[in-house]
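Peer 1: have a look at this prediction, sequence included:
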Amino acid sequence: MTGSNDYNINAYTLDSVLPVYTLKGHVNTVCCLAAGKFGTLLSGSWDTTAKVWLNENNVMTLKGHEATVWAVAIIPANGIMLTGSADKTIKAWRAGKCQQTLKGHTDCVRAIAILSETQFLSSSNDTTIRRWTISGECMFEYKGHTGFVYSIALLPNGEDFVSSGEDRTVRVWRDGQCHQTITLPAQSVWCVTCLPNGDIAAGSSDNMARVFTRDHSRKASADEVELFNQQVASSAIPVQSSDLGGIRPEDLPGKEDLINPGKKDGQTKLVKVGDNVEAYSWSQSECKWTKIGDVVGSNDGKQTAGQKVMYEGKEYDYVFSVDIEEGRPELKLPYNVADDPWHVAQQFIHQHELSQAYLEQVANFIISNTAGVTLGSAAPTYSDPFTGGGRYVPGGGAGVQQPTAGGDPFTGGSRHIPASSVPMETTPAPHRNIYFPKTSYITFDTANLQQIIGKLTELNESIANEYKLEQSDISQLKLMVEKLNDANSSPTLDQVKILQKALKWPQDQVFPVLDILRLCIRNQFVNKCFCNKQDGAAFISYIQQITSINCKTANKMLVFRTLCNAFQCDTGSNLLKNSREEITTLLMDCKSIKNKNLQIALSSVLLNYAVQQHSEQNAEAKFELLSAVETVLEVEQEDEANFRLVVALGTLTHNDHDSKSLAKSLEIAQTINRLQSKTSVQKLIDSAKGLLQILQ
């Protein structure tokens, strides 16, 4: 799989130079990819998003970063997806929702490597590597690189790792320390990976891929090793290089200073040799200084003839200091003679948010200061995929099933019961699924109206006068509920207004009103009053408010039951479909509350969403629901709630190849196996078996 500046992702096989398929969806450069199990792919882009792909479909888009997503990774065991960005943050995602934002790096996050189900590494332009827990704690900070750290890869032991970066090095880290530093004869080491045999492969800006090994049987010949060492020693290191900083040759010691040992592996020392400055690196394993290049250029930011100047990790023929106006710091204007001066001037203006009036002035400045230099006279340059001229610049741019005490909506008297038959053979028949796909919504219809009205009347005595109900109002609410099943009667607008007034009661007193809403919202007229296009957003906002963290558990349970009943009418079903992400977030916030009635109500909402999406071709919605259900199953303890969650999974995956693949990528079968081994409830055991058959 490859990501590209053409905004696409191409898939290749080893025996074809042409892509077997192309994934389209990003609207800017695709700069990172990560593969998960069962064909899941995660991509990051300059368009500030990450996308989840499965079976050549974009099933989810992760939005939340404010700048380029440079790094992506997947932890299949727990369904967590990680994204690192130029906004300096790392985000942990689950079911399409950002669960955690990790802050600590002071510059762009460039790479992420997974250590375990609970820990991972990240690297950054701030020259550091950090070790994190999924909960957001930074456990350790590794320092050693002197430039951007572009890449990280784990060694075969799964604990130690290697890194590479802008300082021309590959560094091997063991037991939290930089164990070895390998300098390459290139300006940047873009990527590094570890092979199964323990070898390390690195790709660098000199168009080379090199493999390093500890196995003497695979070691290059003596001549090849000597040539490599000579290439490193003869490398020209611009004085502006970030690991050297500004230097004054007259202040440097002579070569005799190399008798003093270094303090750590990879330490750089500059010595004066005649009129030249040489750079050496300390090898802890060999206990000696090794020459890594000659320092060239001058310390004033200007280049000598034929020399390149480093700026933001890329070599340029010129880096001008531009004084735009008095009192404003000078701006750096990098330029290569192969570039169009007018195009470079326009990029410069956009990057620094300057007036368009400066275009001609900046372009003419470039032209006049590069007079006589023609295309092709410059030394060959490489194309920097991360920090080059085209890089992203942050800142730029009826038949209702009723769950009564004696009626199970799945296995009760109203369910379909296959006709009895006498077995014709002794071979056990395959498990027969009678639970899914579920095709009708779950509703909560039973109620003791007398008790509800009694509690409402009691609490009304202490309500502020602004929202206190008259006795006649309470009678109207009672009448509205009593007439719900009367085909010749319908609630009136005045009755709905009384209900809306009562819903403004304080959160610790509103629960009997919510119970009345739960019953009435099954009615078409009442449903439209709350869930229509004009008022639906306000209704969802009220739902979010009434289920906030500090609200009563009873409120949350009644709200979830209300949502289940709202699915019964088209208006409510459409509102809930369009508000799926907001409702799912509410459910996830309550998944750990140990209350049987609440958990059953919560699971029923997810089941109703599964029923709604069963016949829909919305892979992103199904992936979000599968992830949400799996997440709740991990903490759920109530058998009835678990049963409804299993039926939700079966409904989503039934005769749906993509959803089946998504469920496999989330390793839902493992969760179901654990659940099956812990329960003695037969319908839960049977439904779990049916789901596992689907997932085979």
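Peer 2: Alright, I've got the coordinates. Residues are numbered from 1 along each chain as shown.
Peer 1: let's see the distance spanning stretch 463-480 from one end to the other.
Peer 2: The first and last residues of stretch 463-480 sit 22 Å apart, counting by C-alpha to C-alpha, to the nearest Å.
Peer 1: for that stretch, which positions count as buried?
Peer 2: Neighbour-count burial for stretch 463-480 flags I463, L469, D473, I474, Q476, L477, K478, M480 (criterion: 16 or more other C-beta atoms under 10 Å). C-betas here are computed from N, CA, C, even on glycine.
Peer 1: isn't the last one right up against Q495?
Peer 2: Yes: counting by C-beta atoms under 8 Å, Q495 is a contact partner of M480 at 4.4 Å.
Peer 1: the one helix or strand C191 maps to pairs with which strands, parallel or anti?
Peer 2: With the criterion set as DSSP states H and E, the secondary-structure element containing C191 is strand 189-194. When pairing is defined by DSSP bridges, strand 189-194 lines up against strand 200-204 (antiparallel).
Peer 1: looking at the buried residues of stretch 463-480, which is nearest D445?
Peer 2: Top of the list for closeness to D445, among the buried residues of stretch 463-480 and by C-beta to C-beta, is M480 at 15.3 Å.
Peer 1: list the residues that contact the closest one.
Peer 2: Applying C-beta atoms under 8 Å, 6 or more residues apart in numbering, we find M480 in contact with P491, T492, Q495, L499, I516, C520.
Peer 1: now swap in I182 and tell me
Peer 2: Applying C-beta under 8 Å, 6+ apart, we find I182 in contact with T169, V170, R171, V172, A202, F212.
Peer 1: bridging residues for the second one?
Peer 2: The partner list for V170 in beta bridges (DSSP bridges) reads S164, I182.
Peer 1: what's the pLDDT at it?
Peer 2: Here the pLDDT value assigned to V170 is 96.
Peer 1: what of the last one?
Peer 2: F212 carries a pLDDT value of 96.
Peer 1: isn't E638 right up against L598?
Peer 2: No: with contact taken as C-beta under 8 Å, E638 and L598 are classed as non-touching, separated by 9.3 Å.
Peer 1: who has more neighbours out of those two?
Peer 2: Set side by side, E638 and L598 show unequal neighbour counts under other C-beta atoms under 10 Å, the larger going to L598 at 23 against 18.
Peer 1: could I get the pLDDT score of the more buried one?
Peer 2: 93.
Peer 1: if I look at it, how far off is K332?
Peer 2: In this structure, L598 and K332 are separated by 59 Å, where distance is defined by C-beta to C-beta, to the nearest Å.
Peer 1: next SSE after the helix or strand bottoming out on mean pLDDT in the chain?
Peer 2: The helix or strand of the chain with the lowest confidence, counting by mean pLDDT, DSSP states H and E, is strand 236-238 at a mean of 61. Following strand 236-238 in sequence order, the next helix or strand is strand 268-273 (DSSP H and E).
Peer 1: got the angle between the helix or strand that that following strand is followed by and strand 268-273?
Peer 2: If you walk from strand 268-273 toward the C-terminus, the next helix or strand you reach (DSSP H and E) is strand 276-283. Using axes from the mean of the first three to the mean of the last three C-alpha atoms, to 10 degrees, the interaxial angle of strand 276-283 with respect to strand 268-273 works out to 140 degrees.
Peer 1: for strand 276-283, C-alpha coordinates in PDB please.
Peer 2: Backbone C-alpha positions of strand 276-283 (Å, rounded to 0.1, in the frame of the first residue of the first chain) are rendered in PDB as follows:
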ATOM      1  CA  ASN A 276      39.100  22.900   8.100                       C
ATOM      2  CA  VAL A 277      36.500  21.800  10.700                       C
ATOM      3  CA  GLU A 278      35.900  18.000  11.100                       C
ATOM      4  CA  ALA A 279      33.000  16.400  12.900                       C
ATOM      5  CA  TYR A 280      33.400  13.200  14.900                       C
ATOM      6  CA  SER A 281      30.900  10.900  16.700                       C
ATOM      7  CA  TRP A 282      31.600   8.900  19.800                       C
ATOM      8  CA  SER A 283      30.900   5.100  19.600                       C
END
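Peer 1: and the strand holding C191, how far out from the chain's middle?
Peer 2: 23 Å (C-alpha atoms, centre = their mean, to the nearest Å).
Peer 1: in it, what's buried?
Peer 2: V189, W190, C191, V192, T193, C194.
Peer 1: give me the pLDDT for the fifth one.
Peer 2: In this model, T193 is scored at 96, pLDDT.
Peer 1: distance of it from L155?
Peer 2: Distance, T193 to L155, using C-beta to C-beta: 11 Å.
Peer 1: so where's the stretch 401-550 of the chain uncertain?
Peer 2: 401-432 (pLDDT under 70).
Peer 1: am I right that D494 is in a strand?
Peer 2: No: under the criterion used here (DSSP: H, G, I helix; E, B strand; the rest coil), D494 is helix, not part of a strand.
Peer 1: now what about stretch 100-110, what contacts it?
Peer 2: Residues outside stretch 100-110 that contact it (C-beta under 8 Å, 6+ apart) are 64, 67-68, 70-71, 84-86, 88-92, 122-126, 128, 130, 132, 134-136, 138, 148-151, 386, 394.
Peer 1: shaky segments in the chain?
Peer 2: 236-250, 293-315, 323-330, 338, 356-357, 368, 370-432, 636.
Peer 1: the same query, at a cut-off of 50, please.
Peer 2: For the chain, the stretches flagged by pLDDT under 50 are 240, 242-245, 298-306, 372-429.
Peer 1: where's stretch 629-648 relative to the chain centroid, distance-wise?
Peer 2: Using C-alpha atoms, centre = their mean, the offset of stretch 629-648 from its chain centre is 25 Å.
Peer 1: got the buried residues for it?
Peer 2: Neighbour-count burial for stretch 629-648 flags 629-633, 636, 638-648 (criterion: 16+ other C-beta under 10 Å).
Peer 1: C-alpha coordinates for stretch 252-265, CSV please?
Peer 2: Output in CSV follows, covering the C-alpha atoms of stretch 252-265 (Å, rounded to 0.1, in the frame of the first residue of the first chain):
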residue,chain,number,x,y,z
LEU,A,252,37.5,24.8,18.5
PRO,A,253,40.1,22.5,19.9
GLY,A,254,42.6,20.6,17.7
LYS,A,255,42.5,16.9,16.8
GLU,A,256,44.5,16.1,19.9
ASP,A,257,41.3,16.6,21.9
LEU,A,258,40.0,13.3,20.5
ILE,A,259,42.0,11.4,23.2
ASN,A,260,39.3,12.4,25.6
PRO,A,261,36.5,9.9,25.6
GLY,A,262,32.9,10.9,24.9
LYS,A,263,30.2,11.0,27.5
LYS,A,264,27.5,9.1,25.6
ASP,A,265,27.0,7.2,22.4
